[in-house]
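Enquirer: Pasted the sequence and its predicted model underneath.
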Amino acid sequence: MTEATTPGAYRSDTERVQAWTEGAALHIRFNQPAKHNALSVDMWQAVPPLLAQAEADDAIRLVVFSGAGEKAFVSGADISQFEDMRAAREAVKVYEAMAEEALMAIYRCAKPTLACIRGYCIGGGVNVAISCDIRLASEDAQFGIPAARLGLGYRLSALKNLVNLVGVGAAKDLFFTGRRIGAPEAKSLGLVTRVCPGEQLASLLSEYVTMFSANAPLTIRAGKRIIEEMLKDDADLDRDLCKRLILDCFESDDYAEGRRAFMEKRTPVFRGK
């Protein structure tokens, strides 16, 4: 994958998280390959500011998460910090709040998010992946949630995301056993969107970036938000918001452009306005 940087545009507060733009995509790469990209405190903290910046950037149509190296997306939390961050009750609260903030920033990001997964995707790595809208994986990817083997409590939001993707039965199986599964089984369960040979992963990712870059961002944004509402309990579903999001699409310049392009038999140029 070629990194195309925009000077001064996106900068992470830690070298263990890399950020750069390539076309209409913001890439956020977890960069601790010596530890299989295990998530340290500074890595969690680096994510929300980058996503906030991307949301305000009209040039960004998609946010892509990946892991440095060939062996892992994210192998879990950096357990070398557990003694400091999770040994005491107050430290647990701080750590969990920090991780929750990062994961919810991914889940609630108004721009589409995509996890590009190679190798290990374990524990916190699964949480990052299932917080994204789409998950592409190489055939060598491995997934697992080993919380029960470590005695960790698991947050409600993470289990809810898991159940929404794979269903109650599969979620219980993965969580209770802590077993690892390969990419084909992950695909069959709905945990992964697409699977391909490792050498084709960059090409598949490029296809998605191209499609997201070409499609109407207001329509995608409305669809993402409405799907999020659909996952709520019926009493909490904001129907007025859904109607407003749809109306905004029909009243947009992009809708007019889409109609003109169709009549003129050309490719539309959407600007998100």
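Expert: Looks like it came in fine.

Enquirer: Can you pull out the low-pLDDT segments for this structure?
Expert: By pLDDT under 70, the low-scoring segments of the chain are 1-8, 79-91.

Enquirer: any idea how far residue 206 lies from residue 69?
Expert: Taking CB to CB, to the nearest Å as the measure, residue 206 falls 20 Å from residue 69. All C-beta spots, glycine's among them, are computed from the backbone N, C-alpha and C.

Enquirer: So for those two, which residue has more residues nearby?
Expert: Taking other CB atoms under 10 Å, residue 206 and residue 69 do not tie; residue 69 has more neighbours (17 against 14).

Enquirer: Contact partners for that one?
Expert: Going by CB atoms under 8 Å, 6 or more residues apart in numbering, residue 69 touches 33, 36-37, 119.

Enquirer: Produce a PyMOL select command limited to the buried residues of those residues.
Expert: Buried residues within the contacts of residue 69, by 16 or more other CB atoms under 10 Å, are selected in PyMOL with:
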select buried, resi 36+37+119
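
Enquirer: With secondary structure and distance to residue 157 added, can I get the contacts of residue 69 in JSON lines?
Expert: As requested, those are exported to JSON lines (DSSP: H, G, I helix; E, B strand; the rest coil; distance: CB to CB, whole Å):
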{"residue": "33", "secondary structure": "helix", "distance to residue 157": "28"}
{"residue": "36", "secondary structure": "coil", "distance to residue 157": "24"}
{"residue": "37", "secondary structure": "coil", "distance to residue 157": "22"}
{"residue": "119", "secondary structure": "coil", "distance to residue 157": "25"}
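
Enquirer: Closest to residue 127 out of the contacts of residue 69?
Expert: residue 37 (13.4 Å; CB to CB).

Enquirer: quick one, what contacts the closest one?
Expert: Neighbours of residue 37 in contact, by CB under 8 Å, 6+ apart: 30-31, 67-69, 72-75, 125.

Enquirer: which is the next helix or strand following the longest helix seen in the chain?
Expert: Longest helix in the chain by number of residues, with DSSP state H as the criterion: helix 89-108. Next in sequence after helix 89-108, counting helices and strands by DSSP states H and E, comes strand 113-117.

Enquirer: Can you give the distance from that next one to the centre of its chain?
Expert: 5 Å (CA atoms, centre = their mean, to the nearest Å).

Enquirer: Can you tell me the strand partners of it and which way each runs?
Expert: Next to strand 113-117 in the sheet, as set by DSSP bridges, lie strand 62-67 (parallel), strand 134-138 (parallel).

Enquirer: Show the subsequent helix or strand relative to the shortest one.
Expert: Spelled out, it's strand 134-138. strand 142-144.

Enquirer: Remind me what that following strand packs against, helices and strands.
Expert: strand 120-122, strand 181-182, helix 183-189 (3 or more CB pairs under 8 Å, 6 or more residues apart in numbering; DSSP states H and E).

Enquirer: and the last one, which residues are buried?
Expert: Okay, so that is helix 183-189. Within helix 183-189, the residues that count as buried by 16+ other CB under 10 Å are 183, 186-187, 189.

Enquirer: Let me know the closest of these to residue 229.
Expert: Nearest to residue 229 out of the buried residues of helix 183-189 is residue 189 (CB to CB; 24.5 Å).

Enquirer: isn't that closest one right up against residue 170?
Expert: Yes. Using CB atoms under 8 Å, residue 189 is in contact with residue 170, at 5.0 Å.
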